[in-house]
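Colleague: Predicted model and sequence follow; I will ask about them next.
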Amino acid sequence: RTNAQLENTKTELTRLGRTQEKYIQLESRVKDLEQEIVERTTEKNQLSEALNMSYVELQNLRAQITQDGVLRMEQIHDLESELEAVREQLRATTKELKKEKRTAASQIQELQTLSQDHCQRANRLTEELNNLHTQYIALQRELRIK
């Protein structure tokens, strides 16, 4: 019976040795997993912080884009108003220029007519002067002959 007990004790010790080895391996694995959990938690926290910062930056960019859009719309409206004012001024200036052109054309026509009248009068006066000159010469000849 002692041999059997001794064999049982040896078997039990061997089994306990293997259990202890498994325990040590599991304990090492648990420590590794705990370390990995700590690392993953740190990484998760860093990513969460980066995500929060990105979200804040995104919100700021959205606000800036909205503000820029409003500003651009105001600028477009101002430019459209300015363009309409320039167009109106151009229309008024064009109308004024057309009026001045008609007036100038009328004045040119009047001046041409007046110029023609003066030219015709000058021609008549020249003709009369020539006639008078001819008569004068004829009278002088008559006076010399007498």
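Modeller: Right, received. Where do you want to start?
Colleague: Please, where are all the helices along the chain?
Modeller: In the chain, the segments counted as helices under DSSP state H are 2-145.
Colleague: Relative to residue 81, how far out is the residue nearest the centre of it?
Modeller: Centroid check for the chain by Cα atoms, centre = their mean gives residue 72 as the closest residue, at 8.4 Å. Residue 72 sits at a distance of 15 Å from residue 81 (criterion: Cβ to Cβ, to the nearest Å). Backbone N, C-alpha and C define where each C-beta goes, glycine included.
Colleague: Same check on residue 124?
Modeller: Per Cβ to Cβ, residue 124 is found 64 Å from residue 81.
Colleague: Residue 34 too?
Modeller: 70 Å.
Colleague: go on, residue 64?
Modeller: Counting by Cβ to Cβ, the gap from residue 64 to residue 81 is 26 Å.
Colleague: likewise residue 102?
Modeller: 32 Å.
Colleague: same check, this time on residue 49
Modeller: Using Cβ to Cβ, one gets 48 Å for the distance from residue 49 to residue 81.
Colleague: what's the answer for residue 56, then?
Modeller: Using Cβ to Cβ, one gets 38 Å for the distance from residue 56 to residue 81.
Colleague: next one: residue 122
Modeller: Separation of residue 122 from residue 81 (Cβ to Cβ): 60 Å.
Colleague: Residue 88 now?
Modeller: Note on residue 88: its distance to residue 81, by Cβ to Cβ, is 11 Å.
Colleague: same thing with residue 101?
Modeller: The gap separating residue 101 from residue 81 is 30 Å, by Cβ to Cβ.
Colleague: okay, now residue 39: neighbour count?
Modeller: Counted with other Cβ atoms under 10 Å, residues neighbouring residue 39 total 10.
Colleague: residues in contact with it?
Modeller: Contacts here follow Cβ atoms under 8 Å, 6 or more residues apart in numbering; on that basis residue 39 touches nothing.
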